[in-house]
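**Q** Test case, fold it:
(2 chains)
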Amino acid sequence: MQYNDIKPDASLYPILIKCAGKACGMLFHSHVLKLGYVPDHYVRNAIMGMYAKYGPVHLARKLFDEMCDRNVADWNVIISGYWKWGSEEEANKIFHMMGKSQRNVITWTTMVTGYAKSRNLKTARMYFDNMPERSVVSWNAMLSGYAQSGEPQETIRLFNHMLNSGNEPDQTTWVIVISSCSSLADDDPSVVDSILRELEKVNFQSNYFVKTALLDLQAKCGNLEAARKIFDQLGVCKNSVTWNAMISAYARAGDFSVARDLFNKMPERNTVSWNSMISGYAQNGESLMAIKLFKEMISSSKDSKPNEVTMVSVFSACGHLGALDLGNWAVSTLNENHIKLSISGYNSLIFMYSRCGSIEDATIIFQEMETRDLVSYNTLISGLAAHGHGKEGIKLMSKMKEDGIEPDRITYIGVLTACSHAGLLEEGQKVFQSIEVPDVDHYACMIDMLGRAGKLEEAMKLIRSMPMEPHEGIYGSLLNAACIHKRVELGELAAAKLFKVEPHNSGNYVLLSNIYASAGRWKDVDKVWDTMRKQEVQKTTAWSWVEHKGEIHKFVVGDRSHERSDDIYKLLANVKVKLRREGYVVDKSCVRRDVEEEEKEEMVGIHSEKLAICFALLVSDIGSVIRVGKNLRICPDCHASIKMISKLERRKIIVRDNNRFHCFSDGLCSCKDYW
DNA sequence: TTAGGGTTAG
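**A** Numbers count the residues shown, from 1 in each chain, chains lettered A, B, ... in the order given. I've put the predicted structure just below:
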């Protein structure tokens, strides 16, 4: 017998077509046409399924239209095909062409899945509720719809309904439910407990999907050990998702040595692995490490391309550093990699630009966005606040209301801060009165605002009228105000409260000591420093930095490790001579009152920010803008703002450090007594 | 024969 004489049985083709890809599927189609197998129900359905899955869907429809004896599977395949190729209208038409009695549970589930995947949850739920009968797949389709649309509460509610109506969840159900619980772990730990109890009740064989979801849930509830136990028990049955879940758990918790170890060991890293590490660094204040790893990712990893999630972490890190050159470089990397941004991506850009001192660029990004959310408004309002643009902050809040977005507590904190920094007391008070239920942070903003304006009695009155217990933010603002306005008794009151709640915060001791120093009460200054020593309060080792040509140069107090250290110290000496000649009074340091400035610096070392500024002066060209420091605030003493910088025509440097923001031109700060 | 499936990064 010749090979050509063998005629495969028609029943083979549905299996062959199902297993084949598109190209082979089309070849089998031509076979069955030649062999005359098309009238066979199963063969026909398989070919239709192939075109519905791989396209073009109109060929599936052609076969469908040519049928004169369609069964329910044929209808279901064509509906599913239309959903797959995004034709909701056609899917809907076919569904309604079917007779009511023709539809089965699969037909209904296909409609539920289609609507759920296109995020039309209302319609999905309508179909789900109208189903004559439901299978576990129908429940999963609806549950997954809620979960994927970020509605974990609704997912859990439906899941409880599922259990109460006597339906048995399968492994898929558990994966959906457990992962929804993970996103509720912070807000509602009781839900997590009840779901875990429910899972224990059923004698259930979990597969590795369920186990990975459980691992993630335990990690997000803060049970790293429990998560690690699941990870270890999975042995070789781990995939990259399991590894990533474990790495991100350690990275989120700031345990970088273990996270990095797993990251290095994992068999195959992907974009999520890199993102887990980078976002872990970025969220735990390790901005430089985040950027370093990002550079490694783009230079070494061919398979793991950065995506929007990567960029959100990188922009955030650049923002926290205030490193505009790095930020601009990150934006160019974004463009080179053709990464499209969603609203949250744009929001992170607004954050980055405003934290890097460029509120203009932040505003441009905001204006260019097609759609904005609450976070977009809040980020720009906070940026405007930090830059002292009070009126613009208030205006933007009005605009968001016009756009149908209601302000939340963060919006009000932003606007109140904006008013406070811009000295808009009256406007700020109006905003405060408009808040329905102000919380303790809103009160803190008001205390700050009144305090800066010198209305300390009013501030005290407001504290006494508060419906809740004042927290450290309230007394911190009061202490700050007492320091600005040299009010010893109020400073003592605020400091006493703060020493109780945060006895190891060195900043409070320093402020109180400064208040005493400004009143010439040197004995009290010494007392404060004694208390600090007795309480073993460590002054936080601050470091300052300068971003120059994409490199970060770090300095700590008395630093002599920098390669240009000699030049820096020489320049510092020259600046001081220059300042003295111009009659500036130097340093208000309270270390000791009976020694000269040079001696004090000998004792404690030159402040890190002075070293950073001198380095910036050394390397900057005329007209360049160099950014130094870590916190973007308006200098409380000189109220320097970005606007002043644009007025300076010669060498311009913006300096941010120790919560201050100073403008320098040829070595002179607009805040006279800085040096 | 036809439906889903699903875990990790912001």
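
**Q** Can you pull the residues of the stretch 101-250 of chain A lying near DNA strand B?
**A** Near DNA strand B, the residues belonging to the stretch 101-250 of chain A are A:104-107, A:109-110, A:113, A:117, A:135-138, A:140-141, A:144, A:147-148, A:170-173, A:175-176, A:179, A:182, A:207-210, A:212-213, A:216, A:239-242, A:244-245, A:248 when assessed by Cβ under 7 Å from any atom of the strand. For glycine as for every other residue, the C-beta is placed from the backbone atoms N, C-alpha and C.

**Q** all strands of chain A, in order?
**A** For chain A, the strands defined by DSSP state E cover A:543-548, A:551-556, A:625-628, A:652-657, A:660-665, A:668-669.

**Q** for the record, mean pLDDT for the third one?
**A** Along strand A:625-628, the predicted confidence averages to a pLDDT of 46.

**Q** Same question for the fifth one.
**A** Regarding strand A:660-665, the rounded mean pLDDT is 46.

**Q** A:Ala481 touches A:Met449, doesn't it?
**A** No - taking Cβ atoms under 8 Å as the definition, A:Ala481 is not a contact partner of A:Met449, at 9.5 Å.

**Q** of these two, who's got more company?
**A** For A:Ala481 versus A:Met449, neighbours defined as other Cβ atoms under 10 Å are more numerous around A:Met449 (29 against 25).

**Q** quick one: the more buried one from DNA strand B, how far?
**A** In this structure, A:Met449 and DNA strand B are 31 Å apart, going by Cβ to the nearest atom of the strand, to the nearest Å.

**Q** I'd assumed A:Ala422 was in contact with that residue.
**A** No - using Cβ under 8 Å, A:Met449 is not in contact with A:Ala422, being 9.9 Å away.

**Q** Name the residues that touch stretch A:175-194?
**A** For stretch A:175-194, the external contacting residues (Cβ atoms under 8 Å, 6 or more residues apart in numbering) are A:140, A:143-144, A:146-147, A:150, A:152-153, A:155-156, A:159, A:169, A:195, A:199, A:209-210, A:213-214, A:216-217, A:220-221.

**Q** meant to ask about stretch A:467-480, not that
**A** With Cβ under 8 Å, 6+ apart, stretch A:467-480 has contacts from A:439-441, A:443-445, A:447-448, A:451, A:456, A:459-460, A:463, A:466, A:490-491, A:493-495, A:497-498, A:501-502, A:508, A:511-512, A:636.

**Q** So which of these belong to helices?
**A** If you go by DSSP state H, the contacts of stretch A:467-480 have A:440-441, A:443-445, A:447-448, A:451, A:456, A:459-460, A:463, A:490-491, A:493-495, A:497-498, A:501, A:508, A:511-512 in helices.

**Q** Report the buried residues of stretch A:357-366.
**A** Going by neighbour count (16 or more other Cβ atoms under 10 Å), the buried part of stretch A:357-366 is A:Gly357, A:Ser358, A:Ile359, A:Asp361, A:Ala362, A:Thr363, A:Ile365, A:Phe366.

**Q** excluding its backbone neighbours, what's nearest the fourth one?
**A** Using Cβ to Cβ, 6 or more residues apart in numbering and skipping the chain neighbours, the partner closest in space to A:Asp361 is A:Tyr353 (4.1 Å).

**Q** Same check on the third one?
**A** Residue nearest to A:Ile359 in three dimensions, not counting chain neighbours: A:His387, with 4.6 Å by Cβ to Cβ, 6+ apart.

**Q** how near is A:Cys237 to DNA strand B?
**A** Counting by Cβ to the nearest atom of the strand - A:Cys237 and DNA strand B are separated by 11 Å.
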